[in-house]
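K.L.:
My questions concern the predicted model and sequence given below.
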Amino acid sequence: MSRGKLTLKRELAPRLALPPKGEFTVAQVWVDASVYHLDSTFSYLIPGNLSEQVKVGSLLSVPFHGRDVSALVIEIIAPESISGLKNISKVIGGVPLLTPEIIALINSAANRYAAHPFDLIRSAVPDRAVAVEREFASLKDRYESVDGPSIREYFQLPPYKERSALMAMKLKERSDKGGVLMVMPDSSEVSRLSVQLNNLNVEHVVIDSSIPKSELYTNFLKARLGDINVVIGTRSAIFAPVSKLRTVMIYNEGSENFYEKRSPGWNVRDIALLRSRVQDFDLLFIGYSPSSEVARLIDEQWVDYKRSRGKVKVNTFTPERGELLPSRALAPIKKALATGLVLFIVPLKGCAQAIRCAQCRTVSRCTCGGAHEKLSQSAPISCNHCLQKVTEWRCAWCHSERTSIQSRGAERHQHELGLLFPGVKSVVSTSEHPITSVADSGIVVATPGMAPQTGAGYTAVIFLEGNRFLNQPDMRANERVREMFFAHSALTAQGGSILCIQDEGHSISTALTTWNPSIAIHRELEERKSLSLPPYVRAAKLTMDHTEITRLQGALLAAREEGRIPATVKILGPVSNRDKSSLILTVDVSEGDALITTIHEFMRRRSASKKVLPSLRIDPYSLSH
C-alpha cells in the first residue's frame, strides 16, 4: 500500500509586542463584537512595532473577551495612563479605510438610527480584496478635505431631454470646482450615467455592488487615496470618501431603493443631510418631483427649488366598462404609431397576477393561502407564495374548469394590444427581462422604471390602468407615482403626447401639463401636518413576538406618563403580521432626537440583559409595511 509523503507543519511564534513609541500611544476604537450594547469606544495600546501602521481609519485585530475581533481606529490619543490596556494584535491591510469625516458621519448616523457603528461600516466599506489592497498599500495617500460656502438645491429635470446626458453635463460642470459624488437609485441608471461621462471624457469610478468584488474594491481605494475625485454609484456610495469633495448629487432621492434593507435601515437622503453637517459641500437633489421630506425643506426655504419651465400635451381617457383602451384613445395612438415608437407603462409584470373562475367569479387561491397567477401566456397557473404549479385547474367553489383574468400583467397587455393594433411589432421590458435598445417604430410595453431610453424619444407615452397606479394604499403612493409619471412622460419626443387611461379629475394630469407638481405637493404637506404624519413627525417601528410587544407597549405607556419619553409621543398599534406584531411611535420632529435616544438606551439595556432585541426601523420608507 502506497503512503503519502509526510511533512512537518511549521509553527510561527507570535511576534513580541515592542514598547510604545512617542506621545500618541493609544488607539480609540470601535469593536465588531456582534453585540448591540458594545457600541462605545475602547482603548488599546499601540505597540512600538505597529506605531507606523496604526492610523485613524485603520482596520485592526484586537483581543476582546478572550478572542480576537475586528476593530476600527477612530482616534489616536496621548493617554494619561496606559496601565491595564491591552496591545493591538495586528493591523489588517495597509490602507486606512475611512477618513475622519466618514468616521464622524458614521458616529452621527449611528446615533440617528440607534445602531451599532459597525452596522454602518459594513455598508460604507466594500468587502476587502486582499490582493487588490496589496497593490495600493505602498501608494501615497493624496486624499484632501476642503472647506467652503455651500448651497442646497432641488433641480427639477425638464421634459423631452435625456436625463443621463443632462446629469452628466451637470456633473462635469461641478467637477471643475472639486470632487463630486453622485448617487443613483439603481445600477441601470449608474450605467447610463457612466456612458455619458465617458463620452464627455470625465474620469470617474463606480461604487456599485453589482460590479465584480475586485473592481469594486479597486474603485473604492482609488477614491479613498485621492487618485480620482469623481465617484458615481448606488445606495452605499453615499459613504464613499471623495477627495476635495465639493458636491454631492442625488437623483430621485425619494426612491425606495435608497432605503437600506438590512438593519439599521438608513436612507441615502438622510445620510446626505447628516454628511452635510460634517463636511462643507453643495448638496443637489435632482429629479422630477421631490419626496415629502425634501418638499418640506423646500417649503421651509432650507432647500432652493429650481423649477424647470416646460409644458407637455396630456389627455385623459376614462374606461367606462373596464376595457383596456377606450375607443376615443385609439385614434391618437394610431397616429403616434404611424410616426414613431409608442410606450405603454403598465402596473404589473407577467401575464395574469390574479385568476378567477369564469363562471362564479371566485378568486382562485392556493391551499397555502397565496394567490394564483400566470407568469406568461404559455406558463401554467402557479401560486405566487409557495410557487406550486397547477396542471389541471378547477374552481374550488363551483368546480368549473374555465378561468378568466382578473389582473392583467405586461405580457397580457402585449397580447391585447396586438389585437387592437394588428401588424405592429411589440416588445416587453420588465425587471426580469429588461430591454435596453429598441427599433424606431412599434410598441414598447414596460413596467415602471424599465422603459428603454431612445435618442429620438417616444411619439406617445400611455399609462394603462392609471387608477391602479393612483389608488395604492400606502402613504408614499402619491409621491412615488408622481415621480414615475413625470419620469416616463419626459421620455416623449418634442411634440409627442401623453395619454392617461384613468378617471378624470386627478391632480397628476394638471401637474404633468404644467410640468409643476408643487401645488399637489403643497396640499399634501398641509394634510400631513394637520394629521401629524411624516415628514412632520419622526417615526420608529419596533417589531417583536406578540407577547413581547404587549409588554413593550405597557412599558412605553408608563415611560410617557413618567416623563422618560416626550409627552407628545403617540404609540400606535400593535399591528399584527403573521407571527410578529409591531408598534409605531411618532413624535414631532423637534423632539425626535429625545425619543430615539431613549429607544437606543432601551435597546442597549435589553442587549446587556441578553434578551431578544426587537427589529427597529427609524423613519422607515412606509409605516404601512
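P.N.:
Nice, thanks for sending it over.
K.L.:
out of everything not next to it in sequence, what's closest to the most centrally placed residue in the chain?
P.N.:
Nearest to the geometric centre of the chain sits residue 258, at 1.6 Å (CA atoms, centre = their mean). Nearest residue to residue 258, sequence neighbours excluded (CB to CB, 6 or more residues apart in numbering): residue 268, at 3.9 Å. C-betas here are computed from N, CA, C, even on glycine.
K.L.:
burial count for that neighbour?
P.N.:
26 (other CB atoms under 10 Å).
K.L.:
now the strands for the stretch 351-500 of the chain?
P.N.:
Assigned by DSSP state E, counting those that start in this stretch, the strands in the stretch 351-500 of the chain fall at 352-357, 372-373, 381-383, 389-390, 403-408, 426-429, 442-446, 458-463, 492-501.
K.L.:
Output these as a markdown table; include the columns mean neighbour count.
P.N.:
Compiled in a markdown table, those are given as follows (neighbours: other CB atoms under 10 Å):
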| stretch | mean neighbour count |
| --- | --- |
| strand 352-357 | 21 |
| strand 372-373 | 24 |
| strand 381-383 | 19 |
| strand 389-390 | 12 |
| strand 403-408 | 18 |
| strand 426-429 | 19 |
| strand 442-446 | 23 |
| strand 458-463 | 26 |
| strand 492-501 | 20 |
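K.L.:
Only the buried residues of stretch 222-240, if you could.
P.N.:
Buried residues in stretch 222-240, counted by 16 or more other CB atoms under 10 Å: 222-227, 229-240.
K.L.:
And for stretch 313-322?
P.N.:
Counting neighbours by 16+ other CB under 10 Å, stretch 313-322 gives 314, 315, 316, 317, 319 as buried.
K.L.:
Just the terminal-to-terminal distance for that stretch.
P.N.:
End-to-end distance for stretch 313-322: 25 Å, by CA to CA, to the nearest Å.
K.L.:
Mean confidence (pLDDT) on it, please.
P.N.:
The average pLDDT within stretch 313-322 is 88.
K.L.:
Pull the distance from that stretch to the chain's centre.
P.N.:
33 Å (CA atoms, centre = their mean, to the nearest Å).
K.L.:
Now do it: everything it contacts.
P.N.:
325-326, 328-329, 332, 489, 496-504, 506, 509, 512-513 (CB atoms under 8 Å, 6 or more residues apart in numbering).
K.L.:
10 Å - rerun?
P.N.:
Stretch 313-322 has contacts (CB atoms under 10 Å, 6 or more residues apart in numbering) with 325-330, 332-333, 460-467, 485, 489, 492, 495-506, 508-515.
K.L.:
Then stretch 596-608?
P.N.:
The contact list for stretch 596-608 (CB under 10 Å, 6+ apart) reads 35-40, 110-116, 538, 540, 542, 552, 555-556, 559, 564-566, 569, 585, 587, 611-614, 616, 618-619.
K.L.:
Low-confidence ranges, the stretch 501-625 of the chain, go.
P.N.:
Scanning the stretch 501-625 of the chain for pLDDT under 70 picks out 625.
K.L.:
the helices in it, which residues?
P.N.:
507-514, 518-530, 546-561, 592-608 (DSSP state H, counting those that start in this stretch).
K.L.:
Of these, which stretch is the most buried?
P.N.:
For these, the largest average neighbour count (mean count of other CB atoms under 10 Å) is found in helix 507-514, namely a mean of 19.
K.L.:
Quickly list what residue 544 is bridged to.
P.N.:
Beta-bridge pairing for residue 544 (DSSP bridges): residue 581.
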